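Trainee: Here's my sequence, what's the structure:
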Amino acid sequence: MPELFDKYGRPITVLSHTEFIHHLVDSDLTEGGEQWSAEVSTVDANTDYTVLEKTLDFGLVGDIAELLHALTIAIKAGSATADVKYKWQARNKDGTWVDLHDYITKANINTTYKPYTVMGYVFPLANLDTYPIDVRLVIQSNETAPGVATAKVKNSSYVKVELK
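Mentor: I've put the predicted structure just below:
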């Protein structure tokens with residue numbers, strides 16, 4: 001049976017603190033260590049396309065104290081003049097999506113992949129305050145063929161969850 005009081009008669013308090021890291025991408029091992037999610041391309045102009053959507057769930061349930069995101073993507077387009085924008089979103093599992101940042105627009109993205117990283121802390125928000133959570137990346141291009149955008153997520157992308 002656990003002790004309720006220390007040797008001086010003071011009540012023992014156990015503080016619960018849980019934190020863990022979710023990596024968003026995995027695949028076969030590579031010599032260079034870089035792994036990428038599947039590529040997703042846009043079709044229609046000015047329409048969101050989901051590049052990656054993942055439920056983060058280690059079998060625990062709890063209130064979120066904070067989230068730390070480090071998210072890296074690579075983007076290219078089918079033409080040198082296409083403008084591509086993207087944003088990361090998260091939500092309580094199966095809830096309403098919350099933008100983790102406004103759209104980030106990359107003008108004249110060009111036809112070779114370029115990596116971009118967003119990082120930072122997010123504290124509990126409406127619709128993003130309980131664990132488990134869903135995370136996704138959406139992109140769009142301002143052009144149709146040939147200026148469609150293609151994006152993928154790098155294996156260095158992670159979300160660190162801290163529960164109260």
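Trainee: drop to CA atoms for contacts and neighbour counts, all remaining ones
Mentor: Fine.
Trainee: For the longest strand along the chain, which strands pair with it and how are they oriented?
Mentor: Looking across the chain with DSSP state E, the single longest strand is strand 62-77. Sheet partners assigned to strand 62-77 using DSSP bridges are listed as strand 114-122 (antiparallel), strand 130-131 (antiparallel), strand 149-153 (antiparallel), strand 158-163 (antiparallel).
Trainee: tell me the mean pLDDT for the third one?
Mentor: Put plainly, it is strand 149-153. Mean pLDDT, computed over strand 149-153, is 97.
Trainee: Where does pLDDT dip in the chain?
Mentor: 1-6, 11-17 (pLDDT under 70).
Trainee: go again using 50 as the cut-off
Mentor: The model of the chain has pLDDT under 50 over residues 15.
Trainee: Quickly note the distance from the closest residue to E143 other than its chain neighbours to A77.
Mentor: Leaving out its chain neighbours, the residue that sits closest to E143 by Cα to Cα, 6 or more residues apart in numbering is A45, at 4.9 Å. A45 sits 12 Å away from A77, going by Cα to Cα, to the nearest Å.
Trainee: These two: who's more crowded?
Mentor: Neighbours per residue, other Cα atoms under 10 Å: of A45 and A77, the larger number sits with A77, 26 against 17.
Trainee: Tell me the bridge partners for that one.
Mentor: A149.
Trainee: Quick check: it vs P146, distance?
Mentor: Plainly put, A77 is 8 Å away from P146 if you go by Cα to Cα.
Trainee: which residue ranges form the strands in the protein?
Mentor: Using DSSP E, strands in the chain cover 18-23, 40-41, 49-56, 62-77, 84-92, 98-99, 104-106, 114-122, 130-131, 133-141, 149-153, 158-163.
Trainee: Most tightly packed of these?
Mentor: Compared across the strands of the chain, strand 149-153 shows the largest average neighbour count, a mean of 26 (mean count of other Cα atoms under 10 Å).
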